[in-house]
Structures are given as structure tokens and as C-alpha cells.
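A.B. asks: structure, please.
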Amino acid sequence: MSKKSVGVIGGGAWGTGLAQALARGNHDVQIWALEEDVVNSINNEHENKRFLAGYKLSEKLTATNNIIEAATGKDFLIIASPSLFLASTIKKIVDVPNIKNGKTVIASLTKGFVPTEHGPKLILETMEEVLPACYKGKTVYVAGPSHAEEVAMGKLTGLVSASAYPRNSIKVRELLRVPGLMVYSSFDVIGVQICAAAKNVVAVVYGAMDAIAETSDTFGDNTESLLMAAGLNEIQMLGFAMGATHAETFTSISGVGDLDVTCKSKYGRNRRFGQDLIKTDMLSKFKDIDDLIANVAKIGYLPEGAIACKYVHEIAKKKGLKLMICNGLYRILNKEITPEDFMNELYNQGKKVYVRRKNVRKIQPDVR
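C.D. replies: Residues are numbered from 1 along each chain as shown. As a prediction, the model looks like this:
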């Protein structure tokens, strides 16, 4: 693809990592960041010292505190704002001429759900309610197993560009096909968004089990793989209940691929948060899950799964889904049960399932 102008709205780790990849692909990229120190360190030292310290950024990559400037005249706009601030951030740019007339292609990296008085909403649904009507059904969602650190370094990474509007899915796919990125199109917009949000919930539980396994005679690597497989099953159940259209969404890079790296990588904030639940008594800082979400800055990093699990719990309850892992994390963060007790519940539930299956009467096949 020829050189394009790209605005990245959000100067966190993932927004910065992808911006660096685009700059490496010779595109003109400008990041909007709320924090003045982030803008200064990117422009003057070519490093995002607050959110992606230690990774040298291209001198072609610039940053600004002016969100209108970052959105104006761009061919593409990549939204990398946290889910809690998504709608309020986008409202600031809806009157930019190239957005008002729908000329700019808009994609999102934001993971999770957006809380509303009518219940949790998906990312693109929220964006399209705020954006001009010409964007209805035409925004793009980008996800996949993609830690910002490795994307910034140029290590080979696979992504999915999902949209209900095939032309925009392909446009974003081609934009992102820069050195270090392999990108594929998908039309399962809901399924890809659910994978990106719910895998963080499973990864928190995985991190807690990982910490417990260090001193446990019961849990180990085998158990963690069991947990991951069961978690993937819950993600798929949630996805289809929400309107996902393709089973392969969950068995490809946006599903099992993203879940695997989020659970296992040393860069994973959600895995780290799960470990901190065991090793640092993290929950002692909070009264319940609502207090945790309201004061998430006290953690010192953003574990998206801690926020998403509240909304997964709400959706599961509304749709009558039995998601033992996802709902278990909700109970842990709401201080209804300890992580250790929940792990024992998982273990005992597994034994019950085994006993029930063992006692099922075998039916001889009809060979007439």
C-alpha cells in the first residue's frame, strides 16, 4: 500500500506499539495522548517512557496533545482509547471534517465492553452510536495475539481486521501489512470482539492458578492447559450467545491464538494481575469489584480482564450461560470467595463431572 496518513487516538502501550509498526512501514503516523509527558518523550526522545519504556520509536512517529489535530486530514484513524473512556473520547472528534463526511476509515484496538444503563455494549457498537451515521456498519475491529512490546520490536505477529463492510476490512488489512505484521480479514465482527474481551478474563484466572501451582501438589502445567481449554469453550459460548457467526473465529488467531499469548506471555498484564491476587494480596486495596473498577489506577497497570469480567458476568446472567471460570473471577474480585477456594471448586467440579460420566449407562450401538 502507498504511504497513508494515520492518526492513533490513545498513547498507551498497544496504541504506541502499532503506531511504531505503521511508521516502520513508511506511513505518516501521529499519536494523540492525553498525558503531556507521553507526548514529550515520543517527540523529543523517541520513546514512550510511561507506557512502553525501553523501546526505541521511529523518528517519523510524532505525538500531540491536540486530539483534533491528530484526527484532521487522516486517511485512517486507529482508536486505542481504554473502553471506559471510549465514547467520551470519540465525541471530541465527530465534527472533524474528514470524519463528519466519512472520508476517514476508522478502526479500533480497544478491548472489553462499554458499560451503559442498558447493559454492556461491544466496542464497535459504542463507536458507531457516537460517530456520524455514515459509519454505521463500516468501522473495523483489529485484534489478535499481539503484545505491544513485540509489535514495537517488529517480531512477527498475526492480526485480524474484522468488519461488516468488506471493503474497509480489506483497506485496514492492507494498511497493516507492514514488516512484522501478517493480517487477515474477517466478517465475524462480534466473534472477534468477544474473543478480544473475554480472553483477558480467562488470563487473570490463569495467572492466579500459575501462582498457586508454584507451591501446589494439585495444580501444574497440565492443569493450566485444562483451564485454558475450558476458558476457550466459555469464550465460544459467550460469543455465539452474543451473535458470533463463524466457529473458526474461536479456533484461529483471534480466539485460541490471542488466548494463548495472553495467558502465557511474560508481557501479559492480566496474567500478572492474577499472580498478584495470590502473591501480593492485591484485593486488600478494594472493597469489591465496583470499587476496584472505580480505582483501577491504584493497581499501577491496567488489567482489562478485571473490568471485563463484571460485564461478562452481567451478560452471562442475562442469557442464562453457565461460565464457571468467568463468573468465578467475578466472585473473587467481588470478595465472595478467595482465589484458593475457587481453584478448589474447579478441582471438585471436575471430579463430579468425571463421576457423572463414569456412571452413565453405555448404550450398545444398533447394528441391525
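A.B. asks: pull the number of nearby residues for I106.
C.D. replies: I106 has 26 neighbours, counted by other C-beta atoms under 10 Å. The C-beta positions use only the backbone N, C-alpha and C, and glycine is treated the same way.
A.B. asks: quick one: buried residues of stretch 108-122?
C.D. replies: S108, L109, T110, K111, G112, F113, V114, P115, P120, K121, L122 (16 or more other C-beta atoms under 10 Å).
A.B. asks: other residues contacting that stretch?
C.D. replies: 10, 14-15, 18, 78-84, 86-87, 123-124, 126-127, 129, 139-143, 190, 193-194, 196-197, 200, 242, 304, 307-308, 311-312, 314-315, 318 (C-beta atoms under 8 Å, 6 or more residues apart in numbering).
A.B. asks: tell me how far it lies from the chain's centre.
C.D. replies: Centre-to-centre, stretch 108-122 and its host chain are 12 Å apart (C-alpha atoms, centre = their mean, to the nearest Å).
A.B. asks: please apply the same query to stretch 280-295.
C.D. replies: That offset, for stretch 280-295, works out to 21 Å (C-alpha atoms, centre = their mean).
A.B. asks: can you give me the end-to-end distance of that stretch?
C.D. replies: For stretch 280-295, the separation between the terminal residues is 17 Å (C-alpha to C-alpha, to the nearest Å).
A.B. asks: now do stretch 240-247
C.D. replies: For stretch 240-247, the first-to-last residue distance is 9 Å (C-alpha to C-alpha).
A.B. asks: now stretch 175-193
C.D. replies: Span of stretch 175-193 from end to end, C-alpha to C-alpha: 20 Å.
A.B. asks: what residues of it count as buried?
C.D. replies: 175-176, 178, 180-181, 183, 185-186, 188-193.
A.B. asks: what ranges do the helices span in the stretch 51-200 of the chain?
C.D. replies: Using DSSP state H, counting those that start in this stretch, the helices found in the stretch 51-200 of the chain span residues 67-71, 86-91, 97-100, 123-130, 148-153, 166-176, 189-213.
A.B. asks: who touches stretch 18-28?
C.D. replies: Stretch 18-28 is touched from outside by 3-6, 8, 29, 31, 55, 57-58, 60-61, 78, 80, 109, 142, 148, 151-152, 154, 175-181, with contacts defined as C-beta under 8 Å, 6+ apart.
A.B. asks: and what of stretch 38-54?
C.D. replies: 11-13, 16-17, 31, 33, 35, 37, 55-59, 61-65, 148-149, 152.
A.B. asks: for that stretch, C-alpha coordinates in CSV please.
C.D. replies: Provided in CSV are the C-alpha atoms of stretch 38-54 (Å, rounded to 0.1, in the frame of the first residue of the first chain):
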residue,chain,number,x,y,z
VAL,A,38,4.0,10.9,26.9
VAL,A,39,3.8,13.4,24.0
ASN,A,40,7.1,15.0,25.1
SER,A,41,9.0,11.7,25.4
ILE,A,42,7.8,10.5,22.0
ASN,A,43,8.6,13.7,20.2
ASN,A,44,11.9,14.5,22.0
GLU,A,45,13.3,11.1,23.0
HIS,A,46,11.5,8.8,20.5
GLU,A,47,10.3,6.6,23.4
ASN,A,48,7.1,6.3,25.3
LYS,A,49,8.7,6.2,28.7
ARG,A,50,5.4,5.9,30.6
PHE,A,51,3.7,3.1,28.8
LEU,A,52,6.3,1.4,26.6
ALA,A,53,9.6,2.1,28.2
GLY,A,54,12.8,0.8,26.7
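A.B. asks: buried stuff in the helix or strand harbouring I325?
C.D. replies: According to DSSP states H and E, I325 maps onto helix 324-333. Residues of helix 324-333 classed as buried under the neighbour-count rule (16+ other C-beta under 10 Å) are I325, C326, N327, G328, L329, Y330, R331, I332, L333.
A.B. asks: between all of those, which two are at the greatest distance?
C.D. replies: Within the buried residues of helix 324-333, two members stand farthest from each other by C-beta to C-beta: I325 and L333, at 13.1 Å.
A.B. asks: Y301: how many residues sit nearby?
C.D. replies: Counted with other C-beta under 10 Å, the neighbours of Y301 add up to 13.
A.B. asks: what mean pLDDT does the helix or strand harbouring L232 get?
C.D. replies: According to DSSP H and E, L232 maps onto helix 221-242. Helix 221-242 shows a mean pLDDT of 96.
A.B. asks: that helix vs helix 189-213, what angle?
C.D. replies: On the basis of axes from the mean of the first three to the mean of the last three C-alpha atoms, to 10 degrees, helix 221-242 is oriented at 150 degrees to helix 189-213.
A.B. asks: other residues contacting helix 221-242?
C.D. replies: Against helix 221-242 from outside (C-beta under 8 Å, 6+ apart): 122, 190-191, 194-195, 198-199, 201-202, 205-206, 209-210, 213, 244, 247, 249-250, 255-256, 259-260, 263, 312, 315-316, 319, 321, 323-326, 346, 350.
A.B. asks: all set now, cheers.
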